[in-house]
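Peer 1: Sequence isn't available, so here's the structure alone:
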């Protein structure tokens, strides 16, 4: 269990460090991402970005298990 938590922490750290690079690629502003702006309120739901990231991670894990 501790190895899993350490790996998850390292993955979050790497994602945080890579965030400026990922934002330049356009992730988070894809067609299919939902943004609702009303007055001083903004609701953002990255639907398409989440699907693409999920598919990429699934493919990577599938390739690593082979």
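Peer 2: Arrived safely. Quantities reported herein were computed from a predicted structural model and do not represent experimental measurements. Residues are numbered from 1 along each chain as shown.
Peer 1: And the host helix or strand of residue 20, how far out from the chain middle?
Peer 2: Per DSSP states H and E: residue 20 is located in helix 2-24. Mean-position distance between helix 2-24 and its chain equals 10 Å (Cα atoms, centre = their mean, to the nearest Å).
Peer 1: Pull the residues that contact that helix.
Peer 2: residue 28 (Cβ atoms under 8 Å, 6 or more residues apart in numbering). Where C-beta positions appear, they are placed from N, C-alpha and C, glycine not excepted.
Peer 1: C-terminal to it, what's the next element?
Peer 2: strand 34-38.
Peer 1: And the contacts of that next one?
Peer 2: Looking at what lies outside strand 34-38 - Cβ under 8 Å, 6+ apart - the contacts are 42, 43, 44, 45, 46, 47.
Peer 1: Most neighbours among those, which one?
Peer 2: Using other Cβ atoms under 10 Å as the neighbour test, those are led by residue 46, with 17 neighbours.
Peer 1: Quick one: residues contacting that one.
Peer 2: Contacts of residue 46 by Cβ under 8 Å, 6+ apart are 28, 30, 33, 34.
Peer 1: you'd agree the first one is up against residue 49?
Peer 2: Yes: between residue 28 and residue 49 there is a contact under Cβ atoms under 8 Å: 5.4 Å.
Peer 1: Just want to know which of those two has more residues nearby.
Peer 2: Between residue 28 and residue 49, counted using other Cβ under 10 Å, the more crowded position is residue 49 (17 against 13).
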